[in-house]
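Student: got a sequence here, can you model it:
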Amino acid sequence: MWTDIPSTCRGSFTYTVKQTPYKEHVMGVNYTDTLCGSSTCGVYVNQDAHRIKLTVLHRGAVLLQDSVYVPAIGESLPQVTDIQTSTLEGDILVRWKASIEPVTGYVIDWTHGGNEYFWKESNGTNTTLSGLPDKQPFNITVTPLFDDKTGHGTQALQICSRVGDPGNVMIQVQAKDKSALVGWNVTDQGPCNGAVVTYTVFYSVQKGAQRNVTVNGTEQLISLKDLTPDTQYSVHVRATALTGTTQSHETLFKTRRFGCDGNLASVQTEEYIDPATFSAPGDPVEPADTQHMSSPDDSTALLSPENSPYRSQTSAESSASRSSKQCKHVPVKPTEKTTPGMVYFTLDMLEQDQGRGGKGQQDNTFQK
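Tutor: Model prediction:
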């Protein structure tokens, strides 16, 4: 790679690259030139040291030449140490310790994404990289230069030109009657997004005072307590980093009606729910389970006076069927239960005509 001819220079330019093994370069052996594009060219070399020469031609005439030494694999060469980087208002400051051997200068190259490289030379042991794309990660390498060789490059840890706000915050809510579980996660968290230090959950009823709860940056779930049943709330989460804040969209949810069996629904809010199991924020809140109360609808069938030749005495029990709708009690007045009685009676039949049949008194006892 090389710096292209400025566009202000008129005319067409041609670039050629020739790679020569270093030993043969010293002996003066020539190799074929490779025609290249405007600012990059790819050539293949083996594990030996090479000298690569760039030639710029204008209308067939040599305009300038330059070369670079490519060390052999495993070659022992000096390099810089203790390379450090820092940022200041979008610029990257680079510092390092000089190599042991005397140098003629240093080359600092940097890339963001690896598709395009930039470089500059420095005679000292520090430099400033300016005009960088904002909030992007960069890989930076410092290489010492000698009279006719280059040393080994030393790469710094990846650094961002500027660290921004945290990534986008997405939230989910699962509401009960007197509490709600609020979960969240940060999406699109890149290397140059600030690390979250705290999360703050804001919630309120419509036109009501806003309340908030703050937790540390490792939490992703919180239970909001002491809510009013059957009430609509709004909630959002703010992620705070040292470099800025990011806030989620406001989400509306409605608490359930109070449980039909007293505290059952509120007890269920104590169970732990993993954020991954939440329903989507846009889904309707699942209604409370409908509970049905049933009672036997039994009745005691009695013989009607028209069909029975005997007088009978009993007490009948009838219970009205009871039903309940969702979270609504229907009061039913209980009826008194009377234990059915047992009645004994005797029929005395005296025939008026003693002479007929000669039958006397009969005593028939019936039990019912």
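Student: quick one: low-confidence parts of the chain?
Tutor: 24-30, 259-368 (pLDDT under 70).
Student: now the helices for it?
Tutor: For the chain, the helices defined by DSSP state H cover 22-27, 264-268.
Student: list the buried residues in stretch 104-115.
Tutor: Tyr106, Val107, Ile108, Asp109, Trp110, His112 (16 or more other CB atoms under 10 Å). Every C-beta, even on glycine, is put in place using the N, C-alpha and C of the backbone.
Student: ok, now stretch 179-187?
Tutor: Using 16+ other CB under 10 Å as the test for burial, stretch 179-187 gives Ser179, Ala180, Leu181, Val182, Gly183, Trp184, Asn185, Val186.
Student: just the residues you listed now: which is nearest Ile100?
Tutor: Closest approach between those and Ile100, by CB to CB: Val186, at 46.0 Å.
Student: quick one, what contacts the closest one?
Tutor: The contact partners of Val186, by CB atoms under 8 Å, 6 or more residues apart in numbering, come to Pro166, Gly167, Asn168, Val169, Met170, Val196, Ala239, Thr246.
Student: wouldn't the last one be in contact with Gly164 here?
Tutor: No: Thr246 is not in contact with Gly164 according to CB atoms under 8 Å; the separation is 9.2 Å.
Student: so between those two, which is more surrounded?
Tutor: Neighbours of Thr246 and Gly164, each counted by other CB atoms under 10 Å, are more numerous for Thr246; the result is 21 against 16.
Student: for the more buried one, give the beta-bridge partners.
Tutor: Ala239 (DSSP bridges).
Student: what about it, distance to Asn193?
Tutor: 8 Å (CB to CB, to the nearest Å).
Student: quick check: neighbours shared by the two?
Tutor: By CB under 8 Å, 6+ apart, the residues touching both Thr246 and Asn193 are Asp165, Pro166, Gly167.
Student: quick one: which of these is most hemmed in?
Tutor: Neighbour-wise, the shared contacts of Thr246 and Asn193 (other CB under 10 Å) top out at Pro166, 24 neighbours.
Student: ok, now which ones touch it?
Tutor: Pro166 neighbours (CB under 8 Å, 6+ apart): Val186, Gln189, Asn193, Gly194, Ala195, Val196, Ala239, Thr240, Ala241, Gly244, Thr245, Thr246.
Student: might you report the residue contacts of the last one?
Tutor: With contact set as CB under 8 Å, 6+ apart, Thr246 has these partners: Asp165, Pro166, Gly167, Asn168, Val169, Val186, Arg238, Ala239.
Student: swap the cut-off to 10 Å and go again
Tutor: Contact partners of Thr246, counting by CB atoms under 10 Å, 6 or more residues apart in numbering, are 164-169, 186, 188-189, 193-194, 196, 237-240.
Student: please flag which of those sit within strands.
Tutor: Among the contacts of Thr246, DSSP state E puts Asn168, Val169, Val186, Val196, Val237, Arg238, Ala239, Thr240 in strands.
Student: any of the residues you listed buried? List them.
Tutor: So, by 16+ other CB under 10 Å, the buried ones in the ones in strands among the contacts of Thr246 are Asn168, Val169, Val186, Val196, Val237, Arg238, Ala239, Thr240.
Student: any chance of those residues in a markdown table, plus distance to Thr251?
Tutor: Formatted as a markdown table, these follow (distance: CB to CB, whole Å):
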| residue | distance to Thr251 |
| --- | --- |
| Asn168 | 14 |
| Val169 | 11 |
| Val186 | 16 |
| Val196 | 19 |
| Val237 | 9 |
| Arg238 | 13 |
| Ala239 | 15 |
| Thr240 | 19 |
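Student: so who does Thr146 touch?
Tutor: To be clear, residue 146 is Phe; Thr isn't right here. Counting by CB under 10 Å, 6+ apart, Phe146 has contacts Tyr69, Leu77, Pro78, Ser99, Glu101, Pro102, Val103, Thr104, Gly105.
Student: now do Tyr22
Tutor: Asp48, Ala49, His50, Arg51, Tyr69, Val70, Pro71, Ala72, Glu75, Asp148, Lys149.
Student: selection in ChimeraX covering whichever of the residues you listed are buried, please.
Tutor: Remark: buried members of the contacts of Tyr22, expressed as a ChimeraX selection using 16+ other CB under 10 Å:
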select :49,50,51,69,70,71,149
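Student: closest to Thr218 out of the contacts of Tyr22?
Tutor: Closest to Thr218, out of all of the contacts of Tyr22 and judged by CB to CB, is Pro71, at 46.2 Å.
Student: picking that back up, what sits in contact with each of Thr246 and Gly164?
Tutor: With CB under 10 Å, 6+ apart as the test, Thr246 and Gly164 both reach Asn193, Gly194.
Student: so which residues of the stretch 1-150 of the chain form strands?
Tutor: In the stretch 1-150 of the chain, strands defined by DSSP state E, counting those that start in this stretch lie at 13-21, 34-36, 50-58, 61-70, 81-88, 91-97, 105-111, 117-122, 126-129, 137-145, listed in chain order.
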